[in-house]
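K.L.:
need a structure here:
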Amino acid sequence: MFKNNNENHVVNERITYVDQLRTLSIIWLILINVAFTFRFQNSATLEEYVLFTSFAFGVPVFLMLLGLLMLERDYTDIKNFLKTDFIRILIPFLIWNTVMAIIATINNNGFILTTATLYQFYLNFMKQHWYAWMLLGIYLSLPILSEFIRSWKLKGAAYYLILGVIASIIYQALAYYNTPSYFNLTFFIGPLIYVFAGYYFENKEIKLSHNKIVTIGFIIFLLTSIIIIYNAVVINHYTFTILLHHYNFFTHSYLDVSLIVVLQAIGLFLVFKYINMNVTGLLIPIKHVLENRWIMKFTTSISRSCYGIYLTHQSLIIILTTLISPYSINEAYGTIILTIIILLTSWFIILLLKKVGVPTKYIGYD
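P.N.:
Below you'll find the model as predicted:
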């Protein structure tokens, strides 16, 4: 992803911390899906539930990065926008979602072509990759949102975020007390809360040293993660939580829009953005590690392949479930090993297709 910026966290026109965050987010997203698929003891265990509920920051961070990269662009030529930006999201989704639906249908129904099989294919196509379905809607709204931001700048983003925080608190209360209501501020607690947050914290000047911002961001991330784990596992024994994750019937989405998770994503965002700037002291060795030539090559390549990796990794998980029994996986390290295998395989598939000449707009490589 590219953006004109003179700060030192931009290398060869790529935004270093964007590549790092995209890499971290896709790795953790795969880890969560592996843990969720390969259930141990025929039910959610502590490890799986902590992964699934406590570090589901992947999609929120992706949306924040979308906000900082895309929200302020000029989309007055809507026809060109649809032919370039939107089509690069749509075509890979249609291709890989079809592949996944075929694999899932064959896995459940075999190779027999019947009306029931076709209906199962339709269901598999429509119900997979909920993030990609959501992303298509966000992209279609960008020309409208851009006009708002280009007119109101940070004030407009702050206004939206204030209403989003208020709405999130209200809906958490409604969910906790299981209270029906005609109250409707769902527009402010959908995915756009992260999109506007990404734009806001990319452009807002924070009058603190970069070291202090990194420290504050880390503390926010750490505290919110501890609160989520404690609430989900200790208090509720992973049966009920006031956080708006899993499928939420107020927002009709799997996206977690609870205030605590919004803060968690913002904290992580601040850490990576500012640790790539002019930090001092104990943060310098960490910055040097992130600036290692091989690590930067890895994060850049994963970041550029990120959309394709997301669209292919669930197909690989389905295939693995037919080859490996969930109960044969060691609970201590099996999830990590499978995550590494799936990440590397998905990455290899995208790079191989690119290498043999398949246009990148078809495979999810930017």
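K.L.:
Can you name the residues that contact the closest residue to residue 61 other than its chain neighbours?
P.N.:
Residue nearest to residue 61 in three dimensions, not counting chain neighbours: residue 25, with 4.6 Å by C-beta to C-beta, 6 or more residues apart in numbering. The C-beta positions use only the backbone N, C-alpha and C, and glycine is treated the same way. The neighbours of residue 25, taking C-beta atoms under 8 Å, 6 or more residues apart in numbering as the test, are 57, 58, 59, 61, 62.
K.L.:
Thought residue 261 was touching the third one, still the case?
P.N.:
Read that as residue 59. No - in this structure, residue 59 sits apart from residue 261 without contact. The criterion is C-beta atoms under 8 Å, and the distance is 10.0 Å.
K.L.:
Tell me how many other residues crowd residue 188.
P.N.:
Applying other C-beta atoms under 10 Å, we find 21 residues neighbouring residue 188.
K.L.:
please renumber so the chain begins at 634
P.N.:
Understood, numbering begins at 634; the last thing we discussed is residue 821.
K.L.:
Model confidence for it, exactly?
P.N.:
Residue 821 is assigned 85 on the pLDDT scale.
K.L.:
ditto for residue 640
P.N.:
According to the prediction, residue 640 has pLDDT 43.
K.L.:
now do residue 680
P.N.:
As summarised for this prediction, residue 680 has a pLDDT of 57.
K.L.:
ok, the residue nearest the centre of the chain - contacts?
P.N.:
In the chain, the C-alpha closest to the average C-alpha coordinate belongs to residue 692, at a distance of 1.8 Å (C-alpha atoms, centre = their mean). Under the criterion of C-beta under 8 Å, 6+ apart, the contact partners of residue 692 comprise 658, 662, 764, 888.
K.L.:
Backbone dihedrals for the first one, please?
P.N.:
Its backbone dihedrals place residue 658 at phi -70, psi -40, with angles given as degrees, to the nearest 10.
K.L.:
Among the contacts of residue 692, which ones are in helices?
P.N.:
Using DSSP state H, 658, 662, 764 are the members of those that sit in helices.
K.L.:
Neighbours of the last one, how many?
P.N.:
If you count neighbours by other C-beta under 10 Å, residue 764 ends up with 17.
K.L.:
List the contacts of it.
P.N.:
The contact partners of residue 764, taken as C-beta under 8 Å, 6+ apart, are 692, 695, 888, 943.
K.L.:
please redo it, this time with the cut-off set to 7 Å
P.N.:
Taking C-beta atoms under 7 Å, 6 or more residues apart in numbering as the contact definition, residue 764 lies against residue 692.
K.L.:
Can you give me the pLDDT of it?
P.N.:
Residue 764 is assigned 90 on the pLDDT scale.
K.L.:
related to what we said a few turns ago, wasn't the residue nearest to the centre of the chain part of a strand?
P.N.:
No - the assignment for residue 692 by DSSP: H, G, I helix; E, B strand; the rest coil gives helix, which leaves it out of any strand.
K.L.:
Based on its surroundings, how many neighbours for residue 977?
P.N.:
Burial of residue 977, expressed as a neighbour count using other C-beta under 10 Å, amounts to 11.
K.L.:
Following the chain past the helix or strand containing it, name the next helix or strand.
P.N.:
Taking DSSP states H and E as the definition, residue 977 sits inside helix 967-988. Using DSSP H and E, the helix or strand that follows helix 967-988 in sequence is helix 993-996.
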